[in-house]
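Engineer: Have a look; sequence and predicted model below, questions after that.
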Amino acid sequence: MSKQFAVIGHPIEQSRSPELHHAFAKKVGIELTYQKRLAPLDGFIPSIKDFFAQGGIGLNVTVPFKEQAFQQCKVLTERAKIAKAVNTLWVKNGQLHGDNTDGQGLVDAIKALDWSLENSSILILGAGGATRGVIYPLAQAGTKKIVIANRTLVRAEQLVNDLKDFVPHSELQAISLENLDGHFDLIINATSASLSGDALILPKTLTFKYAYEMAYGKPSSFLEQAKSRGVPYSDGYGMLVGQAIESFNIWNGIRPNLKDFI
Ligand code: ATR
């Protein structure tokens, strides 16, 4: 039987992970099976136990279970501890291990676009789990300044307080979404506004060289505004591929090339 992998979430039908992992496996010449698993909202823990008890090798975790996955792990990577969320699980020496590959996936996607992060200034819109997961990897990639703008200012301030000690070489700031202005190398939309179809208005006094939308496959007023300004932009498909490659590498010890899949 080939090695068994899966992605677990609720809902799960929309997940692109099986097709990505099968494409990576084909490219690097290994055999594996990667399935979607729908866990009941109150049944995540039995579902993961069941998967590993049946000989599963690796699990990706998606919405809404990443925080629960974090809580379950005996061993965590540094970046997963900082993110307080886990999207990649495996068992080693009988212990559940967890990592969070989302942030590195974003960094790799940005690099694949040839947008430099070294000494850059970044504005991130949103202060939820999506933002929390990417601050440390962005700082590790050499970002000089990261400003977190949120509708609810106090959430951005809390995130800055929580994370500042982990990113001593990057300046972290919190602002209200109403007070956007200034110039940034890169602006990242990590709000769930595109998912709910809400518009985000970027004022004229806010300028940026590049724009990245973490969501993909949905109309995005954020990207429309970047497009109309003539700014290079990307949706989050590259990040999705990037995080999948990172997970694939953890489990299989081989790293497919991101540019082959975007
Ligand atoms: P995730 O884990 O995907 O980041 P989340 O924790 O629910 O999800 O966070 C969603 C983020 O999108 C929050 O920063 C939220 O702002 P608030 O903290 O003020 O709620 C932001 N968001 C969602 N809809 C928004 C909208 N229409 N305009 C601006 N920000 C929005």
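Structural biologist: Received it, and whenever you're ready, just let me know what you need. Numbers count the residues shown, from 1 in each chain.

Engineer: From here on, just use CA atoms for contacts and neighbour counts.
Structural biologist: Fine.

Engineer: next helix or strand past the helix or strand of the chain with the lowest mean pLDDT?
Structural biologist: Every helix and strand in the chain was compared by mean pLDDT, DSSP states H and E; the lowest is helix 193-196, with a mean of 82. Going down the chain from helix 193-196, the next helix or strand is strand 206-213, by DSSP states H and E.

Engineer: Get me the contact residues on the protein for the ligand.
Structural biologist: 126-131, 150-152, 155, 191-193, 198, 200 (C-alpha under 6 Å from any ligand atom).

Engineer: Which of the residues you listed fall in helices?
Structural biologist: Taking DSSP state H as the definition of helices, the residues of the chain next to the ligand contribute Gly129, Ala130, Thr131, Arg155, Ala193.

Engineer: contacting residues around the second one?
Structural biologist: Listed by C-alpha atoms under 8 Å, 6 or more residues apart in numbering, the contact partners of Ala130 are Ala190, Thr191.

Engineer: coming back round to it: compare the ones in helices among the residues of the chain next to the ligand and tell me which is most surrounded.
Structural biologist: When neighbours are counted by other C-alpha atoms under 10 Å, Thr131 leads these with 22 neighbours.

Engineer: And the helix or strand hosting Phe248, what does it pack against?
Structural biologist: Using DSSP H and E, Phe248 sits within helix 237-252. Packed against helix 237-252 by the contact rule (3 or more C-alpha pairs under 8 Å, 6 or more residues apart in numbering; DSSP states H and E) you find helix 17-28, helix 102-112.

Engineer: Redo the ones you listed as JSON lines? Include mean neighbour count and mean pLDDT.
Structural biologist: Shown next, in JSON lines, are the helices and strands packed on helix 237-252 (neighbours: other C-alpha atoms under 10 Å; pLDDT from 0 to 100):
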{"stretch": "helix 17-28", "mean neighbour count": "16", "mean pLDDT": "98"}
{"stretch": "helix 102-112", "mean neighbour count": "23", "mean pLDDT": "98"}
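
Engineer: Tell me which of those helices approaches Ile122 most closely.
Structural biologist: Counting by C-alpha to C-alpha, Ile122 lies closest to helix 102-112 out of the helices and strands packed on helix 237-252; the figure is 12.1 Å.

Engineer: That closest one to strand 206-213, inter-axis angle?
Structural biologist: Angle, helix 102-112 to strand 206-213, by axes from the mean of the first three to the mean of the last three C-alpha atoms, to 10 degrees: 110 degrees.

Engineer: and helix 102-112, what other elements does it pack with?
Structural biologist: Helices and strands touching helix 102-112, by 3+ C-alpha pairs under 8 Å, 6+ apart, are helix 129-140, helix 237-252.

Engineer: So which bits of the last one are buried?
Structural biologist: Residues of helix 237-252 classed as buried: 237-248, 250-251 (neighbour count, 16 or more other C-alpha atoms under 10 Å).

Engineer: which other residues reach that helix?
Structural biologist: 17, 20-21, 24, 57-58, 60, 88, 90, 101-110, 214-216, 254-256, 258, 261-262.

Engineer: give the contact list for the spatially most central residue of the chain.
Structural biologist: Nearest to the geometric centre of the chain sits Asp102, at 2.8 Å (C-alpha atoms, centre = their mean). Counting by C-alpha under 8 Å, 6+ apart, Asp102 touches Asn87, Gly133, Val134, Met239, Leu240, Gly242, Gln243.

Engineer: same question, Gly128
Structural biologist: So Gly128 contacts Arg155, Ala190, Thr191 (C-alpha under 8 Å, 6+ apart).

Engineer: Which segments of the protein make up each domain?
Structural biologist: The record assigns the chain these domain ranges, following automatic domain parsing: 3-100, 103-235.
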